[in-house]
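Q: Coordinates only, no sequence provided:
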């Protein structure tokens with residue numbers, strides 16, 4: 001009787017619909033089988049427990065002065081189609097392979113299984129890269145062993161090897177999470193005494209705060225794809241790198257800024273790319289392009305006057321590719337962006353405020369001769385490529401392993 005009375009009083013206060021929902025939740029808890037949630041933190045619990053970097057720190061081995069080429073192992077989490085980070089890794093690994101180094105990819109199945117055959121197929125189909133692939137448990141002695149994502153640092157630390165251990169750092173991964181276990185476990189990997197190879201100067205600075213020695217490579221752009229033709233032919237269009245699944249790309253902040261921009265310039269088409277956002281309530285007309293091929297992305301850039309591209313951790317590869325295509329990047333201010341990209345007056349920065357970002361987009365589209373401005377932006381990065389970055393990473397590996 002007391003439960004019926006509680007239902008009656010709750011219904012009067014909150015309505016029948018809310019009372020029914022609360023009852024359903026209550027009953028589901030009473031009848032559902034007890035399913036215990038596993039402890040999952042990207043790396044295996046065993047690897048984390050074994051990585052005693054404080055009491056048994058990794059010590060850099062002696063240099064191997066008689067080597068002419070290197071045997072290099074990269075440790076990666078399972079390969080996924082369209083992964084930007086893994087695409088960058090394959091770029092560098094391919095170059096090293098072409099220079100005569102022996103390259104092997106080791107798949108670390110921290111919490112997700114993947115066979116070497118499956119990984120090799122994805123690398124071939126999605127990244128056009130043919131490389132020897134093994135499980136990390138099949139590791140064979142090498143000269144250099146490179147951790148990639150933070151979770152791979154744990155098995156690399158635990159592997160008993162005479163190899164020089166490196167850490168290919170593409171972002172400050174503790175920022176990927178709320179303040180909690182994963183953030184701490186990611187942060188701890190910068191204390192493992194590996195030599196860091198970072199994507200840009202900002203990350204070199206960040207990891208040095210943990211006592212980690214590191215060197216950096218600069219970003220490039222594939223001019224064969226993104227370079228603007230002889231002249232710009234812009235449409236009344238802007239685009240937005242929309243990644244709601246990637247917190248650091250500030251999707252919601254961008255949508256609010258674009259809503260304000262649209263109210264000022266309703267004549268402009270706004271195209272979203274980077275993810276399928278059809279399930280989101282976007283408060284203005286837009287075109288949902290989803291995930292595009294590199295060529296389709298390049299075509300979008302060449303048609304658009306500006307692109308809103310936000311980055312709250314390490315800058316993405318997009319800004320330089322946008323400039324090459326004559327599309328003006330509008331970005332949030334921050335050392336994480338400017339320290340990596342350097343000085344370029346065609347990158348338009350604004351405070352990370354929807355109002356200021358919208359205003360800066362307006363400033364770009366209101367430039368009187370946008371085609372001329374776009375062409376000059378493209379010319380500002382005409383000598384940019386990935387080649388020097390590839391060579392620098394090779395030099396770092398040779399310097400640290402062999403010397404000289």
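A: Sure thing, it's come through. Only a predicted model underlies this, so the values are computations on that prediction, with no experimental measurement involved. Numbers count the residues shown, from 1 in each chain.

Q: where's the residue nearest the centre of the chain relative to residue 246, distance?
A: The residue lying closest to the centre of the chain (Cα atoms, centre = their mean) is residue 85, at 5.5 Å. Distance, residue 85 to residue 246, using Cβ to Cβ, to the nearest Å: 11 Å. In this view, the C-beta of every residue, glycine as well, is placed from N, C-alpha and C.

Q: same thing with residue 78?
A: In terms of Cβ to Cβ, residue 78 sits 18 Å off from residue 246.

Q: next one: residue 56
A: Distance, residue 56 to residue 246, using Cβ to Cβ: 36 Å.

Q: now do residue 82
A: To residue 246, residue 82 is 12 Å away according to Cβ to Cβ.

Q: So for the two, which residue has more residues nearby?
A: The neighbour comparison of residue 82 against residue 246 (other Cβ atoms under 10 Å) goes to residue 246, with 18 against 11.

Q: Residue ranges in the protein under the pLDDT threshold?
A: The chain contains residues with pLDDT under 70 at 1-34, 404.

Q: Quick check: phi and psi at residue 67.
A: Here is the backbone geometry of residue 67 (degrees, to the nearest 10): phi -80, psi 140.

Q: Quick check: end-to-end length of stretch 194-207?
A: Its first and final residues considered, stretch 194-207 spans 11 Å by Cα to Cα, to the nearest Å.

Q: Give the buried residues for it.
A: Buried positions in stretch 194-207, judged by neighbour count with 16 or more other Cβ atoms under 10 Å: 194-204, 206-207.

Q: Ok, stretch 70-84 next?
A: Residues of stretch 70-84 classed as buried by neighbour count (16+ other Cβ under 10 Å): 70, 71, 72, 73, 74, 75, 76, 77, 78, 79, 83.

Q: What about the residues you listed, which are in strands?
A: Among the buried residues of stretch 70-84, the ones falling in strands (DSSP state E) are 71, 72, 73, 74, 75, 76.

Q: now, which of those residues sits nearest residue 185?
A: Comparing these against residue 185 with Cβ to Cβ places residue 75 closest, at 16.2 Å.

Q: so who does the closest one touch?
A: Each residue near residue 75 by Cβ atoms under 8 Å, 6 or more residues apart in numbering is listed here: 106, 108, 136, 145, 146, 147, 148, 152, 155, 156.

Q: and the third one, how many neighbours does it have?
A: Which is residue 136. 20.

Q: Assess the claim that it and residue 105 are in contact.
A: No: if you go by Cβ atoms under 8 Å, residue 136 and residue 105 don't touch, sitting 9.8 Å apart.

Q: Just say helix, strand or coil for residue 171.
A: What DSSP: H, G, I helix; E, B strand; the rest coil gives for residue 171 is coil.

Q: ok, and the closest non-adjacent residue to it?
A: Nearest non-adjacent residue to residue 171, counting by Cβ to Cβ, 6 or more residues apart in numbering: residue 314, 4.4 Å away.

Q: same deal with residue 150?
A: Per Cβ to Cβ, 6+ apart, closest to residue 150 is residue 186, 4.1 Å.

Q: Tell me which helix or strand that neighbour sits in.
A: Taking DSSP states H and E as the criterion, residue 186 maps to helix 181-188.

Q: next SSE after that helix?
A: The first helix or strand that comes after helix 181-188 along the chain, using DSSP H and E, is strand 195-199.

Q: Counting by contacts, list what the following helix or strand past that next one packs against.
A: Remark: after strand 195-199, the chain's next helix or strand is helix 201-208, criterion DSSP H and E. Judged by 3 or more Cβ pairs under 8 Å, 6 or more residues apart in numbering; DSSP states H and E, helix 201-208 is in contact with strand 195-199, strand 214-217, helix 335-341.

Q: do that again at 6 Å, thanks
A: On a contact count with 3 or more Cβ pairs under 6 Å, 6 or more residues apart in numbering; DSSP states H and E, helix 201-208 meets strand 214-217, helix 335-341.

Q: element containing the residue nearest to residue 171?
A: Here residue 314 is assigned to no helix or strand, by DSSP H and E.

Q: Serialize the buried residues of stretch 194-207 to JSON lines and add fields for distance to residue 177.
A: As requested, the buried residues of stretch 194-207 are exported to JSON lines (distance: Cβ to Cβ, whole Å):
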{"residue": "194", "distance to residue 177": "21"}
{"residue": "195", "distance to residue 177": "25"}
{"residue": "196", "distance to residue 177": "20"}
{"residue": "197", "distance to residue 177": "23"}
{"residue": "198", "distance to residue 177": "20"}
{"residue": "199", "distance to residue 177": "19"}
{"residue": "200", "distance to residue 177": "21"}
{"residue": "201", "distance to residue 177": "24"}
{"residue": "202", "distance to residue 177": "19"}
{"residue": "203", "distance to residue 177": "17"}
{"residue": "204", "distance to residue 177": "22"}
{"residue": "206", "distance to residue 177": "16"}
{"residue": "207", "distance to residue 177": "17"}
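
Q: before we move on, the earlier item: tell me which residues in the helix holding residue 186 are buried?
A: Buried residues in helix 181-188, counted by 16+ other Cβ under 10 Å: 182, 183, 185, 186, 187, 188.

Q: how about those residues, which pair is most distant?
A: Longest distance between any two of those is 10.7 Å, between 182 and 188; criterion Cβ to Cβ.

Q: Look up phi and psi at the residue lying closest to residue 332 once chain neighbours are set aside.
A: The shortest distance from residue 332 to any non-neighbouring residue, by Cβ to Cβ, 6+ apart, is to residue 352 (4.1 Å). Dihedral angles of residue 352 (phi, psi; degrees, to the nearest 10) stand at phi -80, psi 60.

Q: likewise the one 5 residues further on?
A: Dihedral angles of residue 357 (phi, psi; degrees, to the nearest 10) stand at phi -60, psi -40.
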